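Student: Sharing a sequence plus its predicted fold:
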There are 2 protein chains.
Amino acid sequence: MESEELRNVGLKVTTPRLKILSFLESAKEKHMTAETIYRKLVDSGEVIGLATVYRALTQFEAAGLITRHHFEGGQTFFELERGPHHDHIVCIRCGRVEEFYDKMIEERQREIAEKLGFTLSDHAMTLYGECSGGCPAAKP
Amino acid sequence: MESEELRNVGLKVTTPRLKILSFLESAKEKHMTAETIYRKLVDSGEVIGLATVYRALTQFEAAGLITRHHFEGGQTFFELERGPHHDHIVCIRCGRVEEFYDKMIEERQREIAEKLGFTLSDHAMTLYGECSGGCPAAKP
DNA sequence: CTTGCACATGAGAATCGTTATCATATATAT
DNA sequence: ATATATATGATAACGATTCTCATGTGCAAG
């Protein structure tokens, strides 16, 4: 239950937070901007404020429920933190986002950080390219 | 000569562009925001507009002279494209940026992209951690 | 060396994404 | 059921970036 999730991370269970969380869990798109999340909620008849969406997303991130990605173009995308860690590859033509995980790279990153005298706490790795085959061309 | 560089990439050689380019080449900091570049130029007595800095940086990037990085916090940093490709590790406490290159990771990325049906054209990889030892604490 | 003209510039307005403010509403402990 | 701390939504404020437009300038042709 989503209420449990919120309680578990120490957040009050409120209607807007539940709306956002269950929307994220049911959405087909796994990576969305705050604006998109807000718009889709409003379009589906919900009454919610943009500020509330931003606030909730920030809290969810702090609680580890979601992750924030800074893809190219300066846009910020949010994604439910489900399952194991992974990185992303995004199509520069159609914007499609695929996920992947590579143990070797993960290990190597840790070694590199250590060699440079850093204690690794996080990383962002995004590949960019063109997806061949069924790339539905450009996003409008 | 910087004039050559501009001419080579098909840009008119203008005073502001020369100022920005030579400033980037002489600066100690290798990674700076547009605002920082503007401020340092103005502080050193130059007459230049912020809009011009943004315009020039965008053109330089399109021409391959510089690279744009989206580090955490939403801030955009620019860096002269000198020498071979490399990635970054930034200290989450003091903001220090170190560079590194790892052949194994580069190769692996290409393999991964291919396996997923993408033609890799670019990638962004930034590690975040705390630099031990002489980390001058927080940035002001 | 002039001159013309396309292109570049600087100042400020406009825009975009995000955060702060504040009066009102609501979740939770009692 | 009630008190109280916290959350909400509307809107203002904000910082970063881009746009507008009147003026200035690189550079190629004469």
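Tutor: The structure has been received and is ready for your questions. Numbering: from 1, shown residues only, chains lettered A, B, ... in the order given.
Student: how about the residues of chain A that lie near chain B?
Tutor: With C-beta under 8 Å from any C-beta of the partner chain as the criterion, chain A meets chain B at residues A:70-72, A:74, A:76, A:89, A:91-92, A:98, A:100, A:102, A:104-105, A:108-109, A:112-113, A:116-133. Every C-beta, even on glycine, is put in place using the N, C-alpha and C of the backbone.
Student: ok, A:Y54 - how many residues close by?
Tutor: Residue crowding around A:Y54 was assessed by other C-beta atoms under 10 Å in any protein chain shown; the count is 14.
Student: Is it in contact with A:T33, as I believe?
Tutor: No: the pair formed by A:Y54 and A:T33 falls short of the contact definition of C-beta atoms under 8 Å, at 10.6 Å.
Student: Helices of chain A, residue ranges please.
Tutor: For chain A, the helices defined by DSSP state H cover A:2-8, A:15-26, A:34-43, A:50-62, A:103-115.
Student: Report the contact partners of the closest residue in space to A:G10 that isn't next to it in sequence.
Tutor: Distances taken as C-beta to C-beta, 6 or more residues apart in numbering or on different chains put A:A63 closest to A:G10, at 7.2 Å, once the chain neighbours are dropped. Contacts were defined as C-beta atoms under 8 Å, 6 or more residues apart in numbering or on different chains; by that measure A:A63 touches A:9-11.
Student: Type out the ChimeraX command that picks the buried ones from those residues.
Tutor: Selecting just the buried residues from those in ChimeraX takes one command, with 16 or more other C-beta atoms under 10 Å in any protein chain shown as the test:
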select /A:11
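Student: and which of the contacts of A:A63 is nearest B:L24?
Tutor: A:V9 (44.1 Å; C-beta to C-beta).
Student: how about that closest one, what does it touch?
Tutor: Contacts for A:V9 were tallied using C-beta under 8 Å, 6+ apart; they are A:63-65.
Student: Who are the packing partners of the top strand by length along chain A?
Tutor: Ordering each strand of chain A by length in residues (DSSP state E) puts strand A:118-131 first. Other helices and strands packing on strand A:118-131, by 3 or more C-beta pairs under 8 Å, 6 or more residues apart in numbering or on different chains; DSSP states H and E, are strand A:66-70, strand A:87-91, helix A:103-115, helix B:103-115, strand B:118-131.
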